[in-house]
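**Student:** Please find the sequence and the predicted model below.
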Amino acid sequence: MNQNDKPNAERRGLFGAGVAGAAIGGVSALLAPRAAAAQGLGKSKLQVIKERGKLIVGTGSTNPPWHFQDASGQLVGMDIDLARLLAKSLFDDPTKVEFVLQGSDARIPSLITDKVDIVVQWMTVTPGRAQQVEFTIPYYREGVGLMLLARGAKHKNYEELKAAGSAVTIGGMQNVFLEEWIHKALPQARVDAFESPDAAMQALNARRIDASMQDQSAMRWLMQQAPGRFVDAGYGWMPNSYASAVKPGDPVWLHWVNTVYKEAMMGVDFDTFAASYKKWFGIELPTPKVGFPTEFA
């Protein structure tokens, strides 16, 4: 969960979905002048970066498995892998990237003020944000789930948790929406709020709660770090998409980044992308089917 996002833009784009109807009519009007303006601005960001000789990326440093420092102090994570893939595609050198470390609240300002070329920082796509930045194609579908202890837990999976009704207690990070989020999956469950996700996991380890609600990416990371200790209850909800973001008005730059991402997911850099998914989430991606490119069907 991206804890720094404000509630109404809050990670799950569904909280801003009510404006979608009004926004649809305005999207074309917004994009047309942006594209026209870009044509008259001269150099694309792509050209500027090539001439500069390095890519400048806005990201974070405290949120595994997305962006964090490992035991040696090296910045690592899924977002970092993507940034290095962009640098490799630009310069044939994944090290030609400068990372600007920032909080979630700085992501849009850093783009608008040209402090960074792109933000690669687990950014949830919402209609509101799409009025301020232009999003790339998504590279991950996030959601929340329930983490259980693998051994000795009273309930083995989501079905057993739901059947237990008000006899189960679910923990999560304190948030005005916490009870609402948990009750979407377990309407009768008791809710216990904690000051941080780590505190909720400590309560789970101490068996003071039956399950901990976590982002599914964090759950997968924890299960990778402590094999055999935790299990996913088997139900995910509240989907939202993570994408990178660029400053509006530069279709050449946006199209180039999308090309890199698309070919990482489906083409020449699939092996690199699949290795990152396996490393950070424990997910084995299926090899794209050779032949007709069905994603364009």
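**Tutor:** Cool, got the structure. Residues are numbered from 1 along each chain as shown.
**Student:** The nearest residue to residue 132 once chain neighbours are set aside and residue 210, how far apart?
**Tutor:** Using Cβ to Cβ, 6 or more residues apart in numbering and skipping residues adjacent in sequence, the residue nearest residue 132 is residue 108, 5.3 Å away. (Each C-beta comes from the backbone N, C-alpha and C, glycine too.) According to Cβ to Cβ, to the nearest Å, residue 108 and residue 210 sit 38 Å apart.
**Student:** again, but for residue 259
**Tutor:** Taken as Cβ to Cβ, the span from residue 259 to residue 210 is 46 Å.
**Student:** Can you pick out the residue with more neighbours from the two?
**Tutor:** For residue 259 versus residue 210, neighbours defined as other Cβ atoms under 10 Å are more numerous around residue 210 (25 against 13).
**Student:** quick one: secondary structure of the residue nearest to residue 132?
**Tutor:** Under DSSP: H, G, I helix; E, B strand; the rest coil, residue 108 falls in the helix class.
**Student:** Hmm, residue 169 is touching residue 194, no?
**Tutor:** No. Using Cβ atoms under 8 Å, residue 169 is not in contact with residue 194, being 11.6 Å away.
**Student:** quick one, which of the two is more surrounded?
**Tutor:** residue 194 (20 against 15).
**Student:** How about the more buried one, nearest residue that isn't a chain neighbour?
**Tutor:** residue 200 (4.3 Å).
**Student:** Give me the buried positions along the helix or strand hosting that neighbour.
**Tutor:** Here residue 200 sits within helix 197-205, counting by DSSP states H and E. Neighbour counts over helix 197-205 (16 or more other Cβ atoms under 10 Å) mark 197, 199, 200, 201, 203, 204 as buried.
**Student:** I'd assumed residue 212 was in contact with the third one.
**Tutor:** Yes. The pair residue 200 and residue 212 qualifies as a contact (Cβ under 8 Å) at a distance of 4.5 Å.
**Student:** shared neighbours, these two?
**Tutor:** Both residue 200 and residue 212 are in contact with 171, 172, where contact means Cβ atoms under 8 Å, 6 or more residues apart in numbering.
**Student:** can you list the buried residues of helix 197-205 in JSON lines and add distance to residue 64 and pLDDT?
**Tutor:** Output for these, formatted as JSON lines (distance: Cβ to Cβ, whole Å; pLDDT from 0 to 100):
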{"residue": "197", "distance to residue 64": "11", "pLDDT": "86"}
{"residue": "199", "distance to residue 64": "16", "pLDDT": "94"}
{"residue": "200", "distance to residue 64": "16", "pLDDT": "94"}
{"residue": "201", "distance to residue 64": "13", "pLDDT": "93"}
{"residue": "203", "distance to residue 64": "20", "pLDDT": "97"}
{"residue": "204", "distance to residue 64": "18", "pLDDT": "97"}
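**Student:** For residue 239, which three-state class applies?
**Tutor:** strand.
**Student:** now stretch 44-64: mean pLDDT?
**Tutor:** On average, the pLDDT along stretch 44-64 is 97.
**Student:** to the chain's geometric centre, what's the distance from that stretch?
**Tutor:** 18 Å (Cα atoms, centre = their mean, to the nearest Å).
**Student:** Just the CA coordinates for it, please, in PDB.
**Tutor:** The C-alpha trace of stretch 44-64 is given here as PDB (Å, rounded to 0.1, in the frame of the first residue of the first chain):
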ATOM      1  CA  SER A  44      11.600  15.800 -27.300                       C
ATOM      2  CA  LYS A  45      12.700  14.800 -23.900                       C
ATOM      3  CA  LEU A  46      14.100  11.700 -25.600                       C
ATOM      4  CA  GLN A  47      16.600  13.800 -27.600                       C
ATOM      5  CA  VAL A  48      17.500  15.900 -24.500                       C
ATOM      6  CA  ILE A  49      18.300  12.700 -22.500                       C
ATOM      7  CA  LYS A  50      20.400  11.300 -25.300                       C
ATOM      8  CA  GLU A  51      22.400  14.500 -25.600                       C
ATOM      9  CA  ARG A  52      22.800  14.700 -21.800                       C
ATOM     10  CA  GLY A  53      24.100  11.100 -21.600                       C
ATOM     11  CA  LYS A  54      22.100   9.900 -18.600                       C
ATOM     12  CA  LEU A  55      18.500   9.300 -17.600                       C
ATOM     13  CA  ILE A  56      17.100  11.100 -14.500                       C
ATOM     14  CA  VAL A  57      14.500   9.000 -12.600                       C
ATOM     15  CA  GLY A  58      12.300  10.000  -9.700                       C
ATOM     16  CA  THR A  59      11.800   7.100  -7.300                       C
ATOM     17  CA  GLY A  60      11.800   6.100  -3.600                       C
ATOM     18  CA  SER A  61      14.100   4.100  -1.300                       C
ATOM     19  CA  THR A  62      12.000   2.700   1.500                       C
ATOM     20  CA  ASN A  63       9.400   0.400   0.000                       C
ATOM     21  CA  PRO A  64      10.400  -3.200  -0.800                       C
END
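**Student:** That'll do, ta.
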